[in-house]
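**Student:** No letters, just coordinates:
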């Protein structure tokens, strides 16, 4: 089994851990969590840029 960017390995790990039927659901949960983290980081960055106007967040 060839591995491309670790995706096949991740899929195999998820199937082994969760069963073949639920790995897509697990990926969806991870995706939702990632979106939440991104939102929190964006919020924090915007708060920092307001509190420190002389500092650029590029």
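**Tutor:** Sure, I can see it. Remember, it's a predicted structure, so these values are computed and weren't measured experimentally. Numbers count the residues shown, from 1 in each chain.
**Student:** quick one: buried residues of the helix or strand residue 26 falls within?
**Tutor:** Using DSSP states H and E, residue 26 sits in helix 23-51. Buried residues in helix 23-51, counted by 16 or more other CB atoms under 10 Å: residue 23. For glycine as for every other residue, the C-beta is placed from the backbone atoms N, C-alpha and C.
**Student:** average model confidence for that helix?
**Tutor:** Per-region confidence: helix 23-51 scores 87 on mean pLDDT.
**Student:** I'd like to know which elements that helix is packed against.
**Tutor:** The contact analysis (3 or more CB pairs under 8 Å, 6 or more residues apart in numbering; DSSP states H and E) places helix 23-51 against helix 7-18.
**Student:** mean confidence score for the helix it packs on?
**Tutor:** Rounded mean pLDDT across helix 7-18 is 68.
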